[in-house]
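1. Build me a structure from this.
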Amino acid sequence: MRHWLWVVASLVISVELAAAGFDYPLQPQQIATDTFVLEGKTEDFSKDNGGFIVNSGYIVTQDGVVVIDTGASRRFGEQQRALIEKTTGKKVIRVYITHHHPDHFLGNQAFSELPIYALPATTHGVQREGEMFSSNMYRLIGDWMRDTSVVAPNQVAQVGRETLGGHELEVLAFKGHTEGDLAIFDHTTGVLFAGDLVFNNRAATTPHAEIIDWLASLEQLLKLPFKVLVPGHGKITQDAEPIAQTRAYLVWLQTILQQAAANGLDMNEVMATPIPADFKAVALAQSELRRSVAHLYPALETEQLKPAKQAE
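-> This is a model prediction of the structure:
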């Protein structure tokens, strides 16, 4: 009998240890009054980081907590929500999703009974590509994704200002990183949640990018009177340097791809382009260059093959 009790106790301990092994290292970083960020790593998805590579934020208002982005898995969303409600003593009342890439919305399950706001293009993107993203994330981060299913946003984010629990929040609609890039600017604290329009010392990702639109969106962000900038990836700052860095990186990327297409280089040759000194310290610059060539170069090659217009 004692032997069986020992076996059962051992199994319980093993299960508890296994569960603990899937705890995300969530450390709230206060960046302004009532405003916190869970800062992700500037890495690729892996089984070591569980997909925790994105900055998610939350604003503690008088009416409850507003969450910006829910992370890469059900586990993340559940742990994010539990942490928020335990440490603030308030309930989450709404969620905003900045865009439809998987590290930003796959935690939605933990908030499924709440209003989850997004731009229409983001919701359509989740509905169109969410299952593919989810399957790929299972491959990349393994059991961190266990029991995760796709939950699309259920509310349309209306562009404009709204006072919520003592915070004047403005929803801003952009595009360029994806077809729909939402930013949240809190006029009360001066905090700008820029989503993946802005990367800080981490190379920008481009699977749905339109660089011309992206650059135009960055110009609009620079016009906002923000005091604190939360990029989608990388350190939070009190200046516009990450916007300038993202802009410079995109201009460089666009230039080398256009020049390569004009000179008839093949994709492997373009992928071998050296990273300039300005971006040597930018995380994942070489690997993201290779991905960006795969994402963007075929269209540029096709453009070069179009016949020139005849002179009239």
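2. So Gly232 belongs to a strand, correct?
-> Yes. Secondary structure assignment (DSSP: H, G, I helix; E, B strand; the rest coil) places Gly232 inside a strand.
3. Would you mind confirming that it makes contact with Leu197?
-> Yes. Shown here, Gly232 and Leu197 form a contact pair, counting by CB atoms under 8 Å, at 7.2 Å. C-beta: built from backbone N, CA, C; applies to glycine.
4. Neighbour count for these two, which is higher?
-> Gly232 (31 against 27; other CB atoms under 10 Å).
5. which non-adjacent residue is nearest the more buried one?
-> The shortest distance from Gly232 to any non-neighbouring residue, by CB to CB, 6 or more residues apart in numbering, is to Asp196 (3.6 Å).
6. show me the contacts for the one you found.
-> Asp196 makes contacts with Thr98, His99, His101, His104, His177, Thr178, Asp181, Ala204, Thr205, Pro231, Gly232, His233, as judged by CB atoms under 8 Å, 6 or more residues apart in numbering.
7. that's a strand at it, yeah?
-> Yes. Residue state for Asp196 (three-state DSSP) corresponds to a strand.
8. Quick check: it vs Lys175, distance?
-> For Asp196, the distance to Lys175 equals 12 Å [CB to CB, to the nearest Å].
9. what's the answer for Leu284, then?
-> Distance from Leu284 to Lys175, by CB to CB: 23 Å.
10. do the same with Glu131
-> From Glu131 to Lys175 the distance is 23 Å (CB to CB).
11. cool, Asp278 as well?
-> As for Asp278, its distance to Lys175 is 26 Å (criterion: CB to CB).
12. go on, Thr35?
-> Thr35 sits 26 Å away from Lys175, going by CB to CB.
13. cool, and Ile93?
-> If you go by CB to CB, the gap between Ile93 and Lys175 works out to 28 Å.
14. neighbour-wise, which of the two wins?
-> Lys175 (19 against 15).
15. ok, and the closest non-adjacent residue to that one?
-> Nearest one to Lys175, counting by CB to CB, 6+ apart, is Asp213 at 5.0 Å.
16. can you check Glu129 too?
-> Spatial nearest neighbour of Glu129, excluding adjacent residues (CB to CB, 6+ apart): His100 at 6.8 Å.
17. Is that neighbour in contact with Gly130, as I believe?
-> Yes. If you go by CB under 8 Å, His100 and Gly130 touch, sitting 7.5 Å apart.
18. Who has more neighbours out of the two?
-> Between His100 and Gly130, His100 has the larger neighbour count (other CB under 10 Å), namely 27 against 20.
19. one step back: which phi and psi does the residue nearest to Lys175 have?
-> For Asp213, the backbone dihedrals are phi -60, psi -40 (criterion: degrees, to the nearest 10).
20. and it, how many neighbours?
-> 16.
21. Roughly how far does it sit from Arg146?
-> In terms of CB to CB, Asp213 sits 37 Å off from Arg146.
22. try Asp278
-> In this view, Asp278 and Arg146 are 41 Å apart by CB to CB.
23. for Ala272, same thing?
-> Taking CB to CB, one finds Ala272 at 39 Å from Arg146.
24. could you point out where this protein is predicted with low confidence?
-> When residues are selected by pLDDT under 70, those of the chain lie in 1-20, 306-312.
25. change it to 50
-> Low-confidence segments of the chain, defined by pLDDT under 50, are located at 1-19, 310-312.
26. For it, which segments count as helices?
-> Listed in chain order, the helices of the chain (DSSP state H) span 2-20, 74-88, 102-105, 120-141, 211-222, 241-262, 267-271, 285-305.
27. which of those sits most buried?
-> Neighbour counts (mean count of other CB atoms under 10 Å) averaged over each of those peak at helix 102-105, with a mean of 28.
28. Can you list the helices and strands that that helix packs against?
-> On a contact count with 3 or more CB pairs under 8 Å, 6 or more residues apart in numbering; DSSP states H and E, helix 102-105 meets helix 120-141.
29. gap between the helix it packs on and the chain center?
-> Offset of helix 120-141 from its chain centre (CA atoms, centre = their mean, to the nearest Å): 13 Å.
30. Pull out the CA atoms of that helix and give them to me as CSV.
-> Only the C-alpha atoms of helix 120-141 are listed here, as CSV (Å, rounded to 0.1, in the frame of the first residue of the first chain):
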residue,chain,number,x,y,z
PRO,A,120,-10.7,44.3,-39.9
ALA,A,121,-7.6,43.4,-41.9
THR,A,122,-6.2,41.7,-38.7
THR,A,123,-9.3,39.7,-38.1
HIS,A,124,-9.4,38.6,-41.7
GLY,A,125,-5.8,37.6,-41.5
VAL,A,126,-6.4,35.5,-38.4
GLN,A,127,-9.4,33.8,-40.1
ARG,A,128,-7.4,33.2,-43.3
GLU,A,129,-4.0,32.2,-41.9
GLY,A,130,-4.5,31.4,-38.2
GLU,A,131,-4.7,27.6,-38.5
MET,A,132,-1.5,27.6,-40.6
PHE,A,133,0.2,29.8,-38.1
SER,A,134,-0.9,27.6,-35.3
SER,A,135,0.3,24.4,-37.0
ASN,A,136,3.7,26.0,-37.6
MET,A,137,4.0,27.2,-34.0
TYR,A,138,3.4,23.6,-32.8
ARG,A,139,6.3,22.6,-34.9
LEU,A,140,8.5,25.4,-33.6
ILE,A,141,7.8,25.5,-29.9
